[in-house]
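1. here is the input, now give the coordinates:
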Amino acid sequence: MSLPRTLSIIVEPQLRATLVEQFAALGRFELSEGGLAAPAEAWPDAAIFDEAHFDSETLADARARGCKTKIVLIADAPKPPPGGVDAIIARPLRFGELVALIDSAPAPAAVGPYRFEAGELWAPSGARLKLTEKEAAILVRLARAHGATVSREALLRDVWGYGPNMSTRTLETHIHRLRRKLEPSPAQPRWLKTEGEGYRLVASEEDQES
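-> Got it, this is the predicted structure:
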């Protein structure tokens, strides 16, 4: 189980309308409105900018705070990508080429000693840990935040489609089950931590208190 990849399209209005329609037809992306100015837990998986809407300072700040969003910049002519940008695509655009630039699989996420990749959780021994559909979706959403805290409300919305007034008991039950699979001592979690009104994944011992 994996959630649709989130995508921000921040370009001039006519081109944006065309790209939104084309990506919607693919059915594998969820449009994200926040861009890199959103809170860390809501950074998109990928973002497309044109040069008129690209802000190098905003990108540099997001990268400094751990943003892993894949950035593709639309330019009027071929050129090397500026700092923090993953790829340049020159006009006239070829949609297939644009999809290829942003559609590569995301890097595996570390969850303590485990590796989480393509909805599968792997132990250091190489054994695959069995996850339910919702458990995998929870890990996908938390991994997308790259160590930032994801609120209970956001998890209920993105994994279950629930509104803000729904009970969190279902979520807490799934978190408990995940901890039984991940943690040496589920009552004292090291890798799937409660932070304020949400949860976050810890990648390593050094990240425990960050």
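2. tell me the SS of residue 99?
-> Look at residue 99: counting by DSSP: H, G, I helix; E, B strand; the rest coil, its state is helix.
3. ok, now how distant is the nearest residue in space to it that is not next to it in sequence from residue 103?
-> Closest residue in space to residue 99, ignoring its immediate chain neighbours: residue 26 at 7.2 Å, by Cβ to Cβ, 6 or more residues apart in numbering. All C-beta atoms are positioned from the backbone trio N, CA, C, and that covers glycine. Per Cβ to Cβ, to the nearest Å, residue 26 is found 9 Å from residue 103.
4. and the residue of the chain positioned farthest from its centre, what's its pLDDT?
-> Within the chain, the residue lying farthest from the chain centre (Cα atoms, centre = their mean) is residue 77, at 29.7 Å. Turning to residue 77, the model gives it a pLDDT of 89.
5. isn't it right up against residue 90?
-> Yes - Residue 77 lies in contact with residue 90 (Cβ atoms under 8 Å); the separation is 5.6 Å.
6. between these two, which contacts overlap?
-> With Cβ atoms under 8 Å, 6 or more residues apart in numbering applied, the contact sets of residue 77 and residue 90 do not overlap.
7. mind listing the helices for this structure?
-> 13-26, 56-64, 95-102, 133-144, 152-155, 169-182 (DSSP state H).
8. nearest to residue 70, out of these?
-> Nearest to residue 70, of all these, is helix 95-102, at 5.6 Å by Cβ to Cβ.
9. what about that closest one, distance to the chain center?
-> 19 Å (Cα atoms, centre = their mean, to the nearest Å).
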